[in-house]
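In: what's the 3D shape of this:
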Amino acid sequence: MCGKCIEGCFLAGWRDGTYSFDLMQETPDFMGKDVMAAHSLVEVVASPGSNIESLHNHDLNFSPMMAWAAWIYSQNTSFANAELTDYQFHLENQRAKRYAEHSDWAELTLLFPEIAAFLDTLTLGQVGELPNEKLLNEIETCLLFIHGDGFYKYELITSMFDDEGIFPAITLSDTAKPSVFVTHALEIFLLTEHLLRYRPTSWLLRVTLTVDLTCDFDSFHMAWRRYVANRIFSKLTNDEQLAFGSTLPLNTIRAICQRNANDKPLLRQMLAIVKKCKGDEQIIPEQLVEHIKALLLK
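Out: Here you go, the predicted structure:
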């Protein structure tokens, strides 16, 4: 069991393009504050009308991802009250974690020196500033590396049930590093924001989003994939949207629809994608088709 099995619980908070915990069947902290933050902080930020105080009011201010949220709000003039300096300490705390003994990030520091230098001196005001081609190349490569470079391995497993015999098991390459989406989600989000500023339709980033990374309950990976996919979709042509959308899990497609509930042309694109889907581990395609049709009728 992994974090993907509860993704839908938190996505239930979306209705008509806005997000509210009141719409969830469970209380948002039903699995603890860390899980709540991993699955809902990004959704709250993506909801129109939210602000940094919304996160404080929901007791999410403990999360390092508050620094990313403050940066997002600072990009909108209506949220100019987001004081970035108040959240800079999260970057400093994350730097200490990167250089701690047995850090999940240690290998990435050695492999990607441009990223290491960038993160070590980064302030929130510098995210998306000063383009550097070497850094952008490293960010793309690093994100793909975290996802095992997209390579899967196959093993033949003997079932515990006699009548099932031997069957293939598919797992992501051993080089994948899903743990960094728990311990270093802030770095991943800020690096991604920097990349999206200069390469908004990055091909390597699109490839990375198609990789199904195993997730702990408190992993930000699912939230990251939903958020980034939505950002990229808005920059693609219709044909590119259809091709890209066909490579994504249906919960990600569902999230894009929820964020864009009033965008009828985009919803029609999503409907075409889901109608061609043969199956999904989390959602029955026919149910999502009906959901999108309902949004189109509003």
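In: use CA for all of it now, contacts and neighbours both
Out: OK.
In: name the nearest residue to Asp34, ignoring sequence neighbours.
Out: Asp218 (5.7 Å; C-alpha to C-alpha, 6 or more residues apart in numbering).
In: again with Ile256
Out: Leaving out its chain neighbours, Ile256 is closest to Asn230 (C-alpha to C-alpha, 6+ apart), at 5.5 Å.
In: pretty sure that neighbour sits in a helix.
Out: Yes. According to DSSP: H, G, I helix; E, B strand; the rest coil, Asn230 belongs to a helix.
In: pretty sure it contacts Cys257?
Out: No. In this structure, Asn230 is not within contact of Cys257 by C-alpha atoms under 8 Å, at 9.0 Å.
In: of the two, who's got more company?
Out: Looking at Asn230 and Cys257 with other C-alpha atoms under 10 Å, you find the greater number of neighbours at Cys257, namely 27 against 18.
In: where's the more buried one, which helix or strand?
Out: Secondary-structure element containing Cys257, defined by DSSP states H and E: helix 250-259.
In: relative to helix 250-259, how tilted is the next helix or strand along the chain from that helix?
Out: Scanning the chain past helix 250-259 towards its C-terminal end, the next helix or strand to appear is helix 264-275 (assignment: DSSP H and E). In terms of direction (axes from the mean of the first three to the mean of the last three C-alpha atoms, to 10 degrees), helix 264-275 departs from helix 250-259 by 160 degrees.
In: which helices and strands does helix 264-275 pack with?
Out: helix 238-245, helix 250-259, helix 285-297 (3 or more C-alpha pairs under 8 Å, 6 or more residues apart in numbering; DSSP states H and E).
In: to Ile188, which of these lies closest?
Out: Relative to Ile188, the nearest member of those by C-alpha to C-alpha is helix 250-259, separated by 18.3 Å.
In: other residues contacting the closest one?
Out: Under the contact criterion C-alpha atoms under 8 Å, 6 or more residues apart in numbering, helix 250-259 has outside partners 7-8, 11, 14-18, 46-47, 225-226, 229-230, 245, 266-267, 270, 274, 280, 282-283, 285, 288, 292.
In: what do you get for stretch 176-187?
Out: Contact partners of stretch 176-187, identified using C-alpha under 8 Å, 6+ apart, comprise 64-65, 67-68, 94, 104-105, 119, 145-149, 188, 213-216, 218-221.
In: try stretch 5-15
Out: 19-26, 28, 39-40, 217, 222, 251, 255, 258-259, 282.
In: in that stretch, what counts as buried?
Out: Neighbour-count burial for stretch 5-15, with 16 or more other C-alpha atoms under 10 Å as criterion, is recorded at 7-14.
In: quick one, which of the helices and strands packed on helix 264-275 is nearest to Leu135?
Out: Nearest to Leu135 among the helices and strands packed on helix 264-275 is helix 238-245; the distance by C-alpha to C-alpha comes to 25.0 Å.
In: show me which residues of that closest one are buried.
Out: Burial within helix 238-245, assessed by neighbour count using 16+ other C-alpha under 10 Å, is assigned to 241-242, 244-245.
In: ok, now how distant is Ile115 from Tyr198?
Out: Using C-alpha to C-alpha, to the nearest Å, one gets 16 Å for the distance from Ile115 to Tyr198.
In: for the stretch 51-200 of the chain, what spans make up the helices?
Out: Listed in chain order, the helices of the stretch 51-200 of the chain (DSSP state H, counting those that start in this stretch) span 52-57, 66-74, 88-98, 106-111, 113-121, 133-146, 180-183, 185-198.
In: if you compare the ones you listed, which one is most tucked away?
Out: When you average the neighbours per residue for each of the helices of the stretch 51-200 of the chain (mean count of other C-alpha atoms under 10 Å), helix 66-74 leads with a mean of 23.
In: show me what it is packed against.
Out: Helices and strands touching helix 66-74, by 3+ C-alpha pairs under 8 Å, 6+ apart, are helix 33-46, helix 52-57, helix 88-98, helix 185-198.
In: which helix or strand in the chain has the lowest average pLDDT?
Out: In the chain, the helix or strand scored least confidently by mean pLDDT, DSSP states H and E is strand 166-172, which has a mean of 56.
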